[in-house]
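Undergrad: Give the three-dimensional model of this entry:
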Amino acid sequence: MSQLILAFDTSAAHCAVALLHGDTLLAAAHEDMAKGQAERLMGLLEDMLDASKTSYRDLEANAVGTGPGNFTGIRISVSAARGLALGLGIPAIGVSTLEAQAFGMRGPVLSTVDARRDQVYLQGFDYPGAPAPQQRALDTLADLASPPDLTIIGGRSDAISQRLNTRATAPAYPLAEALARVSATRLSAPQPRPKPLYIRPADAAPPRDPAPAILS
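TA: Model (predicted):
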């Protein structure tokens, strides 16, 4: 039986959502926003479900982006995913942005997310010496393993590809759709509850508005 998976991400300045049925993308939406994700996310999900003539009760699982990225944004979506899982009795599956961007790509991939201030989060896939998730300054990347057929995807990919003398390209799928597709490959095994992938410590200054609590 084909699984119906709801996926969403608020780890950056956006709300991104997707609805996947088996291998078919039923609907997706992406709204850029610097703030307000907490207020917009559930309405955007409901709009998409209504347009697809489905409801929360039809879902087999929900997938959520766990970062790295904006601390408050990650907590918003992870909290929503845990709440939906608890209320609906379905699994919530966490997938990092770095994993999602690499999904569907062939050959060695270095997946990156802009961490601002000439810093990036990165993770390598499918090559010897591929780096684990970490934060690096752009001017420290020369020591990374760089096979000749390496592809760079994600934030600051053009700048990184120039430093490593390789190519940059776009991910195979938009982020929310990729989250759903990765999650579909994990449904057959029990999954841990999603939790934020922060990588770096929080900034010293707390946000003006408190972040939503993560359900225990």
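Undergrad: As a check, name the ranges of all strands in this protein.
TA: Under the criterion DSSP state E, the chain carries strands at the ranges 4-9, 14-21, 24-32, 61-65, 92-95, 109-116, 119-125, 134-137, 151-154, 167-168.
Undergrad: now for the lengthiest helix in the chain, which elements pack on it?
TA: Using DSSP state H, we find that the single longest helix of the chain is helix 71-88. Contact analysis of helix 71-88 by 3 or more Cβ pairs under 8 Å, 6 or more residues apart in numbering; DSSP states H and E lists strand 4-9, helix 37-51, strand 61-65, strand 92-95 as its packing neighbours. From N, CA and C alone the C-beta is placed, and that goes for glycine too.
Undergrad: So which other helices or strands are in contact with the longest one?
TA: It stands for helix 37-51. Packing contacts for helix 37-51, counted by 3+ Cβ pairs under 8 Å, 6+ apart, involve strand 4-9, strand 14-21, strand 24-32, helix 71-88.
Undergrad: Would you reformat the strands of the chain as CSV and include mean neighbour count?
TA: Formatted as CSV, the entries for these read as follows, by neighbours: other Cβ atoms under 10 Å:
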stretch, mean neighbour count
strand 4-9, 28
strand 14-21, 24
strand 24-32, 15
strand 61-65, 29
strand 92-95, 25
strand 109-116, 22
strand 119-125, 23
strand 134-137, 14
strand 151-154, 22
strand 167-168, 16
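Undergrad: before we move on, the earlier item: now the helices and strands packed on helix 37-51 in CSV, with mean pLDDT and distance to Val182?
TA: Shown next, in CSV, are the helices and strands packed on helix 37-51 (pLDDT from 0 to 100; distance: least, Cβ to Cβ, whole Å):
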stretch, mean pLDDT, distance to Val182
strand 4-9, 98, 9
strand 14-21, 98, 10
strand 24-32, 97, 14
helix 71-88, 97, 14
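Undergrad: so which of these comes closest to Ala176?
TA: For the helices and strands packed on helix 37-51, the distance to Ala176 is smallest for strand 14-21, at 3.7 Å, taking Cβ to Cβ.
Undergrad: Centre of the chain to the closest one, how far?
TA: A distance of 11 Å separates the centroid of the chain from that of strand 14-21, by Cα atoms, centre = their mean, to the nearest Å.
Undergrad: List the neighbouring strands of it plus their orientation.
TA: In the sheet, strand 14-21 lines up against strand 4-9 (antiparallel), strand 24-32 (antiparallel) (DSSP bridges).
Undergrad: Put together CSV for these, with distance to Gln119 on each row.
TA: As requested, the strands paired with strand 14-21 are exported to CSV (distance: least, Cβ to Cβ, whole Å):
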stretch, distance to Gln119
strand 4-9, 20
strand 24-32, 22
